[in-house]
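Asks: Here is my input; please provide its structure:
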Amino acid sequence: MEHGKTAVEWFQMMATSNQCCLALWGRFSTPELDGLIDEEVIYTRWALLKSLMEVPDVKAALTVAPELLEHYQTMLTRVDQDAQTAIVGTFGCLAQCPQLAEHLDSIVGVVVQLLAAQEADLWVRLEALDALIDIFSDDDKDDMFQSLSLLPLMAQAVPYIQAAQPAGLSEEQQDRLAEMQDNLPRFVAYKQG
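Replies: Numbering: from 1, shown residues only. Model (predicted):
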């Protein structure tokens, strides 16, 4: 995922100006861009969001067009697994913005769709599980967590994640896997209790 790393570093340099960050997000959050080069726009959007989430004033001012959420849902089967991971990461960031609560159902729906997909690779599933843990770690969303029947889905993922081997993964992916092998069983146990 070299695309994202390069873009994240660039956007972090740009993050000195809140207005600049918001202007960039306004430009990159329009679905029309995706028709040009789908994967590159997806990576850029994720990299920008990761930077924006570090700036509280900007994070609080983020908006998202419902069309973007719908567009991403239709793109899930058209893009590669790296781009799917970036979509999950994007939605995980958006879900952390209280002002976007009205879109939370759509955001979670996309994350769950990718987690449940039979063909999803380990990296996509790790990102999806991480996003769900971030979204539902607060008890104030327990009603949604239960209504979407997420506990059985996440509990089913525990043996898969525990059995996953780090061979062939990058160092970053190995760290994420080890973190998830620790966090997921604890999260599931907490939600069961």
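Asks: which element is Val108 on?
Replies: Here Val108, judged by DSSP states H and E, is contained in helix 104-116.
Asks: again but with Ala61, I slipped
Replies: For Ala61, there is no enclosing helix or strand under DSSP H and E.
Asks: measure it to Leu100 for me?
Replies: 11 Å (Cβ to Cβ, to the nearest Å). For the C-beta atoms, the positions are set from N, CA and C on the backbone; glycine is no exception.
Asks: next one: Pro56
Replies: For Pro56, the distance to Leu100 - Cβ to Cβ - is 15 Å.
Asks: Over to Lys50?
Replies: On the measure of Cβ to Cβ, Lys50 and Leu100 end up 16 Å apart.
Asks: re earlier: helices or strands up against the helix holding Val108?
Replies: Here helix 104-116 touches helix 66-75, helix 81-94, helix 122-136, helix 142-147, helix 150-163, going by 3 or more Cβ pairs under 8 Å, 6 or more residues apart in numbering; DSSP states H and E.
Asks: What's the local residue count around Gln99?
Replies: As a burial measure, Gln99 scores 12 neighbours (other Cβ atoms under 10 Å).
Asks: Equivalent analysis for Val188, please.
Replies: As a burial measure, Val188 scores 19 neighbours (other Cβ under 10 Å).
Asks: what about the longest helix in the chain?
Replies: helix 171-192 (DSSP state H).
Asks: who touches the residue nearest to Asp134 when sequence neighbours are not counted in this structure?
Replies: In space, and not counting its chain neighbours, Asp134 is closest to Gly92: 5.8 Å by Cβ to Cβ, 6 or more residues apart in numbering. Contacts for Gly92 (Cβ atoms under 8 Å, 6 or more residues apart in numbering) come out as Val111, Glu127, Asp130, Ala131, Asp134, Ile135.
Asks: farthest-separated two in those?
Replies: The span of the contacts of Gly92, defined through Cβ to Cβ, is set by Glu127 and Ile135 at 12.5 Å.
Asks: So those two - more neighbours on which side?
Replies: Using other Cβ under 10 Å, the more surrounded residue of Glu127 and Ile135 is Glu127, with 26 against 21.
Asks: right, and that one touches Val88 too?
Replies: Yes: using Cβ atoms under 8 Å as the test, Glu127 is close enough to Val88 to be in contact (4.3 Å).
Asks: Look at the residue nearest the centre of the chain and report its pLDDT.
Replies: The chain has Gly89 as the residue nearest its centroid, 2.2 Å off, counting by Cα atoms, centre = their mean. Note for Gly89: predicted pLDDT of 85.
Asks: pLDDT weak spots in the chain?
Replies: Scanning the chain for pLDDT under 70 picks out the ranges 1-38, 58-60, 65.
Asks: let's see 90
Replies: Under the criterion pLDDT under 90, the flagged ranges of the chain are 1-124, 138-141, 148, 165-174, 176, 193.
Asks: distance from the centroid: which residue in it tops it?
Replies: No residue in the chain sits farther from the centre than Gly193, which is 26.1 Å out by Cα atoms, centre = their mean.
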